[in-house]
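Novice: Kindly generate the corresponding structure for this input.
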Amino acid sequence: MTTPSLPSTTTPRLDEQLCFALYSTSLAMMRVYRGVLPQLGLTYPQYLVMMVLWEQDQLTVSDIGVHLFLDSATLTPLLKRMEAQGLVQRNRARSDERQVIISLTDDGKALKLKAANVMAAVFRATKCSADEAEALRGQLVELRNSLNDSSG
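Specialist: Residues are numbered from 1 along each chain as shown. Here you go, the predicted model:
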């Protein structure tokens, strides 16, 4: 990633701030998801957990946290609510009872088919081509990795 030049003014302007562009875009994206996720009965954080588990079932809480950049203290109440909804099961690992294994239930697995509609609706809302969306995603991942590297 190339190093951007700083804005020409000495007084920072809100509309020139990368952080604000990312923040306001994130808010807009969340509004789109709030409009389509009710068909799955999920909140956005729950949807992210389901996406991880649809890719690989039976993960520890800490493994899910690594994928989502979240800690166990944030995930545990979320996972308990998802268990109460009948989407996942939480079981202690036999090899280490400190670890909790999260598994999809049949209802959780079945929800994956409906999720395709959500992804399609969100993609349509971006008004990007598939190539544009992939390029943007790649740039954002690169930015996230750079920021994570620089924050220690």
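Novice: For the rest of this, base every contact and every neighbour count on C-alpha atoms.
Specialist: Noted.
Novice: For the residue nearest the centre of the chain, which non-adjacent residue is spatially closest?
Specialist: Centroid-nearest residue in the chain: L48, 4.4 Å away (criterion: C-alpha atoms, centre = their mean). Counting by C-alpha to C-alpha, 6 or more residues apart in numbering, L68 is the residue found nearest to L48 once chain neighbours are left out, at 7.4 Å.
Novice: doesn't M50 make contact with the one you found?
Specialist: No: L68 lies out of contact with M50 (C-alpha atoms under 8 Å); the separation is 11.0 Å.
Novice: neighbour-wise, which of the two wins?
Specialist: Between L68 and M50, M50 has the larger neighbour count (other C-alpha atoms under 10 Å), namely 24 against 14.
Novice: which ones are touching that one?
Specialist: Residues in contact with M50 (C-alpha atoms under 8 Å, 6 or more residues apart in numbering) are G108.
Novice: which residues of the chain fall in strands?
Specialist: Under the criterion DSSP state E, the chain contains strands at 59-60, 88-92, 100-104.
Novice: quick one: low-confidence parts of the chain?
Specialist: Within the chain, the segments meeting pLDDT under 70 span 1-9, 152.
Novice: on that earlier part again, would you mind telling me which of the strands of the chain is nearest P38?
Specialist: If you check each of the strands of the chain against P38 by C-alpha to C-alpha, strand 88-92 wins as the nearest, at 18.0 Å.
Novice: Show me which residues of the closest one are buried.
Specialist: Within strand 88-92, the residues that count as buried by 16 or more other C-alpha atoms under 10 Å are V88, Q89, R90.
Novice: Let's have the residues you listed in TSV, adding distance to L143.
Specialist: Below are the buried residues of strand 88-92 laid out as TSV (distance: C-alpha to C-alpha, whole Å):
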residue	distance to L143
V88	32
Q89	35
R90	34
